[in-house]
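>>> Model the following, please.
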Amino acid sequence: MSPNLDQILQPPSVRIDSSACTEEEEDSMNDGDCSSNADDAGRSRSPKLPPYGAFKRRSRAAACTGFRPKRIILVRHGESMGNIDEHTYSQIPDWKVPLTGRGHLEARCAGEQIKKIVKKAVFYVSPYRRTVETYEEIAKTIGLDKVVSVRSEPRIREQDFGNFQCPTEMLKCKQERERFGRFFYRFPHGESGADVYDRVTTFLESMKRHWNDPTRGSLREYRPRTRSDVFAGHLRYTDDSDVVIVTHGVTLRIFLMRWFNWTVDLFEETYNPHNCDVVVMVRDDEGHYQLTEDSLNLLGLTDSVLKNASNTMIGMRYNGSGQLCHYQPVTVGGDWECFPESDVGDDYSEDGEDEDDVTSK
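Below you'll find the model as predicted:
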């Protein structure tokens, strides 16, 4: 007997013979939730899955209760050859541009700053030469005994501005970008800020999975000793680890935009920190992160900018009962007011880093 259309479209492992189901089960089949997924011939069963919301609740709880470092420190690379002569990019691939002598000195100074505030550090490093060299100077300065582990992370690389970049064409593009908008403008053969935002989003998800890894403490004595060890892909946390991310100016700001759910308008108000400026996010007693006042100033987030933005900045955070609530800042740097979810516009999406609130002092 030739198979009917349902048999053709449905693989044997999940075909269901409705005659083998009871009347109640058949009703549940019509609702898309059949509890009997095998027929009398003993075909393999497909497991009954819980509703999507159950997975969502569990994942939120895991994100809330998992390990979180005391600080997340973001460092822009030191001065590179491209920073002092844009013609460098027309002769050397962007990812191979090295630091200048001044850039090496700046990286050591950044290391001195970090050394004062961290006990142990887990590093994520952009694979570009200038960021790797910056990391190496920082690591030597703080001491390898403080470096728990390191990962080379391509998703926090520089925004792609094209391949070999002609200075004249780049000047035209940057002028056009100012008219179009810095976040959405895509460079020819390159990326827009929105493209960087997408890959930074996946990096954040991976980083938080690293935090929640149940084997996190199994190799507490791991220490990278050589460069080959450092970039072998090992990543371990200890309970006193801070996170240090060595990256690039635009990527650093987009990381913060993604973490704190900044609007595009607020992002446009910020600017890149100087080479080897150290931007610090500190975790409070409730597990939420805030930028330090010095870090806000490095990004151009002055009181007036934040006050203008505060009326439209909506964040999400866990309340004392472990429930995810919408919050809005009453005043910049002040307390947060919880209001019902129905009061938040339908255009608000929960797929961001919504357990982290919008930045405040």
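>>> quick one, helices of the stretch 51-200 of the chain?
52-65, 81-84, 101-117, 129-142, 167-180, 193-211 (DSSP state H, counting those that start in this stretch).
>>> Under the pLDDT cut-off, which ranges of the stretch 101-250 of the chain? List them.
Scanning the stretch 101-250 of the chain for pLDDT under 70 picks out the ranges 213-239.
>>> let's go with 80 and repeat that
212-240 (pLDDT under 80).
>>> Same check on the stretch 251-361 of the chain?
304, 306-361.
>>> Where do the strands of the stretch 151-300 of the chain begin and end?
241-247, 278-283, 289-291 (DSSP state E, counting those that start in this stretch).
>>> Could you dump the helices of the stretch 51-200 of the chain into JSON lines with mean neighbour count and distance to Asn297 added?
Every residue, glycine included, has its C-beta placed from N, CA and C. JSON lines is the format used below for the helices of the stretch 51-200 of the chain (neighbours: other Cβ atoms under 10 Å; distance: least, Cβ to Cβ, whole Å):
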{"stretch": "helix 52-65", "mean neighbour count": "13", "distance to Asn297": "30"}
{"stretch": "helix 81-84", "mean neighbour count": "16", "distance to Asn297": "21"}
{"stretch": "helix 101-117", "mean neighbour count": "18", "distance to Asn297": "15"}
{"stretch": "helix 129-142", "mean neighbour count": "23", "distance to Asn297": "22"}
{"stretch": "helix 167-180", "mean neighbour count": "12", "distance to Asn297": "24"}
{"stretch": "helix 193-211", "mean neighbour count": "17", "distance to Asn297": "22"}
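>>> Compare those and give me the one nearest Asn261.
helix 193-211 (11.5 Å; Cβ to Cβ).
>>> Relative to Arg157, how far out is Leu298?
For Leu298, the distance to Arg157 (Cβ to Cβ, to the nearest Å) stands at 21 Å.
>>> what's the neighbour count on the residue nearest to Tyr128 when sequence neighbours are not counted?
Of all residues not flanking Tyr128 in the chain, Trp95 sits nearest, at 4.7 Å (Cβ to Cβ, 6 or more residues apart in numbering). Applying other Cβ atoms under 10 Å, we find 16 residues neighbouring Trp95.
>>> ok so, going back, which stretch among the helices of the stretch 51-200 of the chain comes nearest Ile73?
Using Cβ to Cβ, the helices of the stretch 51-200 of the chain put helix 101-117 closest to Ile73, at 6.3 Å.
>>> The residue lying closest to His189 once chain neighbours are set aside: what's it in contact with?
Using Cβ to Cβ, 6+ apart and skipping residues adjacent in sequence, the residue nearest His189 is Gly162, 4.3 Å away. Going by Cβ atoms under 8 Å, 6 or more residues apart in numbering, Gly162 touches 170, 187-190.
>>> Return the residues in contact with the residue nearest to Tyr128.
Taking Cβ under 8 Å, 6+ apart as the test, what Trp95 contacts is 127-129, 157-158.
>>> list the buried ones in stretch 89-102?
89, 94-95, 97-100 (16 or more other Cβ atoms under 10 Å).
>>> just to revisit the earlier point, distance check, the residue nearest to Tyr128 against Val118.
Trp95 is 28 Å from Val118, by Cβ to Cβ.
>>> Please, where are all the helices along the stretch 251-361 of the chain?
264-269, 293-298, 303-310.
>>> Export those helices to CSV and append columns for mean neighbour count.
Supplementary listing: the helices of the stretch 251-361 of the chain in CSV, determined by neighbours: other Cβ atoms under 10 Å:
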stretch, mean neighbour count
helix 264-269, 16
helix 293-298, 16
helix 303-310, 15
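>>> Please indicate which of the strands of the stretch 151-300 of the chain has the most neighbours on average?
strand 241-247 (a mean of 25; mean count of other Cβ atoms under 10 Å).
>>> CA atoms only for that one, dumped as CSV, please.
Extracted in CSV, the C-alpha atoms of strand 241-247 (Å, rounded to 0.1, in the frame of the first residue of the first chain):
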residue,chain,number,x,y,z
SER,A,241,38.5,36.1,39.6
ASP,A,242,37.8,39.3,37.9
VAL,A,243,37.3,39.5,34.1
VAL,A,244,39.5,41.7,31.9
ILE,A,245,38.6,42.2,28.3
VAL,A,246,41.3,43.7,26.0
THR,A,247,39.5,45.0,23.0
